[in-house]
Each structure stands twice: as C-alpha cells, then as structure tokens.
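Enquirer: Structure, please.
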Amino acid sequence: MLNNFFRINLPYGIAPNENGEWMAFNREYMPLGYNSMVYKKQPGKSYQEHPIYTKYKGLTENFLLSIVDDPNDIKKDNDGKIRYVFLYNDSTNPTNQSGKIKDSWKSYFLKLEKLSQLSI
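Expert: From the prediction side, this is the model:
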C-alpha cells in the first residue's frame with residue numbers, strides 16, 4: 001500500500017523495456033509519483049505511452065552488480081534478460097530499520113548517487 005512519501009516517490013527499483021531504456025518504479029511497481037492502484041501495470045512491459053523510459057550510457061549488468069547488495073536483487077526472465085533491479089528489499093528498506101537506520105539510508109543513497117552519474 002502506498003502510504004508515505006518514500007514508497008510513492010523514491011525508487012524501489014528500475015526496469016528495462018524492450019529497447020534497452022529504463023524506468024524507475026516505486027514500491028508498488030508503478031512509475032515514481034503514481035499513488036493510485038488504478039494505474040498499476042508491469043514495469044518494463046507497460047507505460048510505453050509515457051515518457052518515463054530513458055536510455056543511459058554505461059547502464060550495464062556489471063554496473064548493476066556493483067550497486068546491488070545481493071546479486072539476487074537483479075531478477076531475470078527465462079531468457080536471462082534483466083527484468084527488474086531492486087535497490088532495497090524488506091530487510092534493507094531504510095524506513096523499516098531500527099538501530100542501523102543511518103547505514104541503511106547511506107547504502108540506499110549511495111546507489112542513487114551512482115545511478116545519478118549516468119548520462120543519456
């Protein structure tokens with residue numbers, strides 16, 4: 001359920017489309033800022049009619065492996081193509097952490113910092 005700023009507006013992950021372009025999606029797998037389940041579709045396959053996909057230089061599998069906490073955070077389809085890349089999971093979600101919350105936020109924002117250095 002989208003019930004706070006973090007879940008609605010900050011990336012849970014990124015997903016490529018068939019053209020190698022990427023979109024960031026929120027915790028409910030919708031484009032950032034979407035907050036109604038009426039619009040819920042499938043990142044990478046849907047939302048093609050919206051200008052939310054971008055082709056980035058250097059967004060390779062090796063780059064993605066360098067930013068995830070666990071290689072299992074990169075989900076692939078049966079053909080080995082990347083379907084989703086998750087920037088956090090339930091155990092690393094900065095808003096769910098107690099005690100180590102600053103480390104969780106630092107790790108999350110480091111991933112965003114690395115992604116923000118990619119150009120189009």
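Enquirer: Tell me the pLDDT of the residue nearest in space to the middle of the chain.
Expert: Residue closest to the average C-alpha location in the chain (CA atoms, centre = their mean): Gly13, at 1.2 Å. For Gly13, the pLDDT comes out at 97.
Enquirer: what pairs with it across the strands?
Expert: Phe25, Phe86 (DSSP bridges).
Enquirer: now the helices: where do they sit in the protein?
Expert: Under the criterion DSSP state H, the chain carries helices at the ranges 5-9, 61-67, 101-116.
Enquirer: With mean neighbour count as added columns, please give these in JSON lines.
Expert: Glycine gets a C-beta too; all of them are placed from N, C-alpha and C. Below are these laid out as JSON lines (neighbours: other CB atoms under 10 Å):
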{"stretch": "helix 5-9", "mean neighbour count": "14"}
{"stretch": "helix 61-67", "mean neighbour count": "13"}
{"stretch": "helix 101-116", "mean neighbour count": "14"}
